[in-house]
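Novice: My questions concern the predicted model and sequence given below.
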Amino acid sequence: MLFSTYFAVTGPILSKMLIYKDIFTDDELSSDSFPMKLVDDLIYEFKGRHVVRKEGDIILAGSNPSAEEGAEDEGSDEHVERGIDIVLNHKLVEMNCYEDASMFKAYIKKFMKNIIDHMEKNNRDKADVDAFKKKIQAWVVSLLAKDRFKNLAFFIGERAAEGAENGQVAIIEYRDVDGTEVPTLMLVKEAILEEKC
């Protein structure tokens, strides 16, 4: 079955969080504090939310800052930031250039080659590499469908923004879920390292 259900990690407050890092740049791109699932053993999907909060606050998934803190105080000198919680928490930088399909195609072609090279250098079975190639190509074709591509936004991590090469572009798709827009961040599993912190 292609789709598994989303799961949120729960447990004691002191339990360690899993951070999902880019294997090429070491950028933190997401964490298991967001509801997530693994699709087709290929793509991690994380459900985000639109939030409004004081700059610098880190709000874990499941909390409701607007309900807890009340309405925004317009008379306050504190800077308020608005955006997608995953993007704000991990300081991702939006890359509008990839909204041009030709730019995105050039990026994804190079990125797929980097992943395949990485798999081969790490002595992954040929069957694993071939399966990855087949799955990633089908996924990219689905992203480039006209009615889907227009709903995508593209982000990179801080090190990639500073010039680190070969980093993964985190793709956010705006999906309609029961009449509510849900920003869903997608990361290619083979280019991700899980790290406890």
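Specialist: Perfect, I can see it now.

Novice: residue ranges for the helices of the protein, please.
Specialist: Counting by DSSP state H, one finds helices in the chain at the ranges 65-69, 85-89, 101-121, 126-143, 146-149, 158-161.

Novice: Under the pLDDT cut-off, which ranges of this structure? List them.
Specialist: 1-15, 55-77 (pLDDT under 70).

Novice: residue nearest the centroid of it?
Specialist: residue 185 (3.7 Å; Cα atoms, centre = their mean).

Novice: Identify the residues contacting the closest residue to that one other than its chain neighbours.
Specialist: Nearest residue to residue 185 in three dimensions, chain neighbours excluded: residue 46, at 4.4 Å (Cβ to Cβ, 6 or more residues apart in numbering). Glycine gets a C-beta too; all of them are placed from N, C-alpha and C. The contact partners of residue 46, by Cβ atoms under 8 Å, 6 or more residues apart in numbering, come to 30, 34-36, 86, 184-185, 187.

Novice: Give the bridge partners for residue 46, please.
Specialist: Going by DSSP bridges, residue 46 is paired in beta bridges with residue 36, residue 185.

Novice: ditto for residue 81
Specialist: Residues in beta-bridge contact with residue 81 (DSSP bridges): residue 53.

Novice: State the number of residues packed around it.
Specialist: Using other Cβ atoms under 10 Å, residue 81 has 12 neighbouring residues.
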